[in-house]
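Asks: quick one: sequence plus predicted model below, questions after.
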Amino acid sequence: MSKVHVSHADIAQYANDKVNLPKEWADEYREQASRVREKVTTYLSEHPDFTLKKILLSGSLAKGTALKNLNDIDMACYVDCSEAPSETKDLLDYLAVRLRKAFPNMKPEQVQPKTYSVTISFKGTGLDVDIVPIIYDNDPDWYGKLISQDDGSFLDTCIPRHLEFIRKRKASSPTHFAQVIRLAKQWVKNMKLENRDFKFKSFMVELIMAKLLDGGKDFSDYPEAMQNFFTYLATSDLKEIIKFNDYYSGSQIPAFNERVKIIDPVNPKNNAAKLYTNQQVNAIIEAALDAGDAIDAALTATTKERTIYYWQKVFGPSFQI
Ligand SMILES: Nc1ncnc2c1ncn2[C@@H]1O[C@H](COP(=O)(O)OP(=O)(O)OP(=O)(O)O)[C@@H](O)[C@H]1O
Ligand SMILES: [Mg+2]
């Protein structure tokens, strides 16, 4: 590939300057999450019958795939199923009441139930911590029913294994796997600015990237890795099932009728793409075709100005070198 005007190193520099969450911020947010975790853990150790059994950092901050504009810290909290209300709203109220017990120094209004999570807001600086409940029935591997942040439904899944799944891929492709994910998420963010209805969940992007990595694609050259991602979307049309065998075998996957099948790597019965309509998937494919064309054009453009113009079609106006 010709990279005279914008090279792999330029994309890496752009990622560093504009896309990635700076390390100092990430450390500070992780520390904020550990303080929340410590409060809950201490309260639990002093009150063994407390029904909040575990709390952990989840989401992009835990996976190392967060973008610079991260706007809250995601945590997941295991609620003992024996007492947990089955209605979502009641469950969130219940979680808020219990969290307030663990945070006696906070004003009750700092702990607020939202639609599908409970938010803890801190005074002064720092981000809000968004806590999602998981109904827990003592599974030794920490499976439980996670409240979907998309529609409030209960998803049988396992956050610690999701983290392990990503960690494994990061170990086989240090730096690059997570970086290419963040670049793809930057593309999604840019597509959302252009089209308010565009959606492409981060978890799905990560699983597609994991499939490409597992299939032997090279992630160390960012223009090429991005092009591989867009080519995969365009040529597969997202019609083939995306699955993994870290935690189960293919024979355990039931038949799914949904347009896109990206199977949760920790639960063969959960299709992580089940909410996507034909129209939404077509928009993803179209956008991937455009992005692939833009990268091709960037790689053959004869001036630096044109090259930047094409990369901006992928990443938006923040792309400058
Ligand atoms: N459909 C799903 N099935 C199972 N688990 C899910 C599903 N959706 C989300 N999760 C869990 O929630 C976590 C957060 O996912 P999501 O991709 O929505 O946000 P994120 O990684 O925090 O990215 P960002 O907030 O930057 O967009 C996932 O890593 C996964 O553990
Ligand atoms: Mg998140």
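Replies: That came through, no problem. Ligands and ions are numbered 1, 2, ... in the order given.

Asks: what number of residues lie near whatever residue of the chain ends up closest to ligand 2?
Replies: Evaluated by Cβ to the ion, the chain has G59 as its residue closest to ligand 2, separated by 3.6 Å. C-beta here means a position set from N, CA and C on the backbone, and glycine is covered the same way. For G59, the count of nearby residues is 22 (other Cβ atoms under 10 Å).

Asks: OK, contacts around it?
Replies: 66, 73-75 (Cβ atoms under 8 Å, 6 or more residues apart in numbering).

Asks: okay if I get those as JSON lines plus pLDDT, secondary structure and distance to ligand 2?
Replies: Output for those, formatted as JSON lines (pLDDT from 0 to 100; DSSP: H, G, I helix; E, B strand; the rest coil; distance: Cβ to the ion, whole Å):
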{"residue": "A66", "pLDDT": "98", "secondary structure": "coil", "distance to ligand 2": "7"}
{"residue": "I73", "pLDDT": "97", "secondary structure": "strand", "distance to ligand 2": "9"}
{"residue": "D74", "pLDDT": "98", "secondary structure": "strand", "distance to ligand 2": "5"}
{"residue": "M75", "pLDDT": "98", "secondary structure": "strand", "distance to ligand 2": "10"}
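
Asks: mind checking which of those are buried?
Replies: 66, 73-75 (16 or more other Cβ atoms under 10 Å).

Asks: what ranges do the strands span in this structure?
Replies: 52-57, 72-80, 111-113, 118-120, 128-136, 144-147, 154-157 (DSSP state E).

Asks: what strands flank the fifth one, and is each parallel or antiparallel?
Replies: When sheet partners are counted by DSSP bridges, strand 128-136 sits next to strand 72-80 (parallel), strand 118-120 (antiparallel), strand 144-147 (antiparallel).

Asks: who touches the shortest one?
Replies: In this structure, residues lying in contact with strand 118-120 by Cβ under 8 Å, 6+ apart are 36, 72, 92, 95-96, 99, 103, 106, 110-112, 128-131, 133.

Asks: quick one on the thing from earlier: quick one: which of the buried ones among the contacts of G59 is nearest L299?
Replies: Lowest distance from L299 to the buried ones among the contacts of G59 (Cβ to Cβ) belongs to A66, with 28.6 Å.

Asks: contacting residues for the closest one?
Replies: 21, 26, 59-60, 182.

Asks: and the stretch 51-200 of the chain, which of its residues are near ligand 1?
Replies: 58-60, 63, 65-67, 74, 146, 155, 157, 159, 162 (Cβ under 6 Å from any ligand atom).
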